[in-house]
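Asks: Sequence unavailable; structure follows:
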C-alpha cells in the first residue's frame, strides 16, 4: 500500500518557493518585529484627523503602507502553515503573525472611528480640497455608510484587540481537520489496501471509476468525520454566535444584513442566487444523476456516486506539467500580459501541488502586495484538477492585474465578484478542449468536465450557501447550532435538491463538516454568483471575440475600484436582475441535453 508522505519527503519542485516573500526566516522575523515598532507611523495621527485634509491623507497613506507590509509578513507564515500544519514551528510562527495582526488592528481602529466621528460633510469636503484623497474616496464613502453601525472608539479598539481570540473557531476547525484527523485505509475493487486522507478522498477517490473504492472510501471518510461531529459543530456554532452577537451590537436587522454589507450586495441579489438556482437547476441535475445511473449500470445512485466518471474507459490522466501547458494554451486568448503571469506561475514555483500529510485541503490563491500570487492545490493526475488549477490561476491573473493598476486600498473587489474571473478560466479551458477535437467521445468527456465546474459552484457551494441561510435564520431566533441540527439541515437540503432518485444517507448529511467556507462570512453562494457572470462573459467572448476580451481585461484591472454590480455591468452582465441567473441554468440544461444525446 502506498503511504501518505510527510512534507519533508515530497520533491522540492512540487512545493512553492516562499523565498520570494522573504529570503530567509531571519528576514521575516526582523520584519515582524519592525512592523510592531512601526505602528507609530500611523498612530502618530491619532486624535488629529479633524485637523485637515492633508493630515487625513498622510494617515491613510501610512496605514496603507503598514497594512501592505502586514499582509506580506502574515502571508509568509500562513503559506508555510498551509503547506504543513503539523510542523510545530509553522504553528508558532503563524501564532506570532496573528499576534502582530491583532496588535495592528487594535492600534489602527482609531482611524475608522475618528473618520466616522467627523461632522457630516467633512470627509466629502476633504476629498474636494485634497486631490490625493481621491484614490481613497470609494473606501471612505463605503466606511461612511457603516456610520450608524459603529460602536464607540474604545469598544472598537477592544474588539480589534480580540481579533485572534474571535477567529479561534476557524483555527480549531482547521487544526482538528489537518493535524489531528487521520483515516484508516480501505480496499479498492481489486481488494488492495489504499490509504485515505482528506486530500486523497476529495481530489481522487470521489471521482474514481472504481465503484468499490468510491463507496468504501466515502464510508471510511464519513465514519471518521462522524467521530468529530460534536467538536466541529461546537466550533461552527461558536462562530455563528459571535456573528449574531456582533450584528445585534451594531444594530443590524440580521446577521445576514451585516455580512452582506461589505459585499455591497442587496438581500434580493443574495436570495435570487440561492432561490433561482435551486429551483431551476434541480430538475436538470436530477436528469444528470439519472443518466449516470443508467450509463454506469448502478442499481442505485448514492451520494458517493454523484461525481463518478460517465465514461470510465475514457478518462485521460494528465500530469501537472501537461496541465500547465494546456492551461497556458487555453488562456492565450486573454493576451500577452495575462499570459506572462500564467507562464511565471508555472515556471517560477508559485504553485504548491505536492500531496503531503498536514497540507491544507482544497485549493486557494493568495496574492501578496509587491510580490506575486501563490497557489495551493494537491495534484491527483486528473482533468478535474486541471480545471481547479485553471480556476486558481484565474484568481492570480485577476488580483495581479488589479494590483498593478490600483492602489492597495482599491485592489480587491467584493466577494460577490471574486469568483467570476476564476470560473471564467474554467470555461475557457473547456472551450479550448472542445475546439481541439472533433471526436464525439472526446466532446462528451469535455462536457462532463465542464459540468464538473457547474456541479462544484452551482450545487456544492450553492447548497453550502443554503445551509448558511438556514443556520443564520435559526441563530437569529436563538436556536442552538448542534451536530444533530446541522446533519438534519444538510440532509434535508440535499434530499430536497436531488429528490428520490439519489440516496441521501447519514453519511451524506455530514457534508457540512468538509468545507472551511462556513467560517468565511457569506462566501459559499458567491461561487454561484461568479459563475453566473462568467457564463455570460464566456458567451460574449465566443460571439464577439477581442472586444469582449478587452472589456474583460478592463474589468480585471479595475480591481475593487468599482462595486460588484458596476464591474459586472462593465463586462456586459446585469446581475441586479434574475435573467443572467436563469440563462446560466438554461446553459447547464443544454449541456445535459447534449450529453444525453451523445449517449
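Replies: That came in fine, so what should we check first? Computed from a prediction, not measured in an experiment: that's the story for all the values here.

Asks: contacts, neighbours, all on C-alpha from now
Replies: OK.

Asks: who's in contact with the residue nearest the centre of the chain?
Replies: Nearest residue to the geometric centre of the chain (C-alpha atoms, centre = their mean): residue 364, 6.5 Å. Counting by C-alpha atoms under 8 Å, 6 or more residues apart in numbering, residue 364 touches 375, 376, 377, 392.

Asks: what do you get for residue 442?
Replies: Contact analysis of residue 442 by C-alpha under 8 Å, 6+ apart lists residue 434.

Asks: Sort out which residues of the helix or strand hosting it are buried, please.
Replies: For residue 442, the host element (DSSP states H and E) is helix 440-454. Neighbour-count burial for helix 440-454, counted by 16 or more other C-alpha atoms under 10 Å, picks out 442-454.

Asks: Residue ranges in the protein under the pLDDT threshold?
Replies: Along the chain, the parts satisfying pLDDT under 70 run over 1.

Asks: Just give the number of residues close to residue 408.
Replies: Using other C-alpha atoms under 10 Å as the criterion, residue 408 is surrounded by 18 other residues.

Asks: And for the one 5 residues further on?
Replies: One way to gauge burial is a neighbour count; for residue 413, by other C-alpha under 10 Å, it gives 21.

Asks: helix, strand or coil for it?
Replies: Per DSSP: H, G, I helix; E, B strand; the rest coil, the local secondary structure of residue 413 is coil.

Asks: Contacts only, for the closest residue in space to it that isn't next to it in sequence.
Replies: In this structure, residue 413 finds its nearest non-sequential neighbour in residue 560, 3.6 Å apart by C-alpha to C-alpha, 6 or more residues apart in numbering. Residues near residue 560 by C-alpha under 8 Å, 6+ apart: 402, 410, 411, 412, 413, 414.

Asks: and which of those is nearest residue 302?
Replies: Taking C-alpha to C-alpha as the measure, residue 302 lies nearest residue 414 of these, at 36.7 Å.

Asks: can you count the residues close to the closest one?
Replies: Counted with other C-alpha under 10 Å, the neighbours of residue 414 add up to 21.

Asks: what's the burial count for the residue lying closest to it once chain neighbours are set aside?
Replies: Spatial nearest neighbour of residue 414, excluding adjacent residues (C-alpha to C-alpha, 6+ apart): residue 263 at 5.0 Å. Using other C-alpha under 10 Å, residue 263 is surrounded by 19 other residues.

Asks: can you check the one 5 residues further on too?
Replies: Residue 268 has 11 neighbours, counted by other C-alpha under 10 Å.

Asks: on that earlier part again, between the contacts of residue 560, which is closest to residue 17?
Replies: Closest to residue 17, out of all of these and judged by C-alpha to C-alpha, is residue 402, at 22.7 Å.

Asks: Torsion angles phi and psi at the residue nearest to residue 413?
Replies: When read as degrees, to the nearest 10, the backbone of residue 560 gives phi -110, psi 20.

Asks: For the helix holding residue 442, what is the distance to the chain centroid?
Replies: Here the centre of helix 440-454 is set off from its chain's centre by 23 Å, with C-alpha atoms, centre = their mean, to the nearest Å.

Asks: Downstream of it, the next helix or strand is which one?
Replies: Next along from helix 440-454, by DSSP H and E: helix 461-476.

Asks: tell me which strands and helices that following helix is in contact with?
Replies: helix 229-249, helix 255-260, helix 267-296, helix 483-498, helix 524-544 (3 or more C-alpha pairs under 8 Å, 6 or more residues apart in numbering; DSSP states H and E).

Asks: Give me the contacts around the next helix or strand after the longest one.
Replies: Spelled out, it's helix 267-296. Next in sequence after helix 267-296, counting helices and strands by DSSP H and E, comes strand 301-302. Residues from elsewhere that reach strand 301-302 (C-alpha under 8 Å, 6+ apart): 289, 290, 293, 501, 502, 503, 504.

Asks: cool, and stretch 577-586?
Replies: 269, 272-273, 276-277, 280-281, 532-533, 535-536, 573-575.

Asks: Buried by neighbour count: which residues of that stretch qualify?
Replies: By 16+ other C-alpha under 10 Å, the buried positions in stretch 577-586 come out as 580, 581, 582, 584, 585.

Asks: ditto for stretch 246-257
Replies: In stretch 246-257, counting by 16+ other C-alpha under 10 Å, buried: 247, 250, 252, 254, 255, 256.

Asks: and if you look at stretch 511-529?
Replies: Buried positions in stretch 511-529, judged by neighbour count with 16+ other C-alpha under 10 Å: 511-519, 521-529.

Asks: Ok, stretch 504-511 next?
Replies: Of the residues in stretch 504-511, 504, 507, 508, 509, 510, 511 count as buried by neighbour count, 16+ other C-alpha under 10 Å.

Asks: for it, the distance to its chain's centre please.
Replies: Its chain's C-alpha centre and that of stretch 504-511 lie 23 Å apart, by C-alpha atoms, centre = their mean.

Asks: Check stretch 243-254 too.
Replies: Mean-position distance between stretch 243-254 and its chain equals 25 Å (C-alpha atoms, centre = their mean).

Asks: Between the two ends of that stretch, what distance do you get?
Replies: End-to-end distance of stretch 243-254: 10 Å, with C-alpha to C-alpha, to the nearest Å as the criterion.

Asks: buried subset of the contacts of residue 364?
Replies: 375, 376, 377, 392.

Asks: May I have the phi/psi pair for the third one?
Replies: Recorded main-chain torsions at residue 377 are phi -160, psi 150, according to degrees, to the nearest 10.

Asks: Would you check that it makes contact with residue 353?
Replies: Yes. Using C-alpha atoms under 8 Å, residue 377 is in contact with residue 353, at 4.9 Å.
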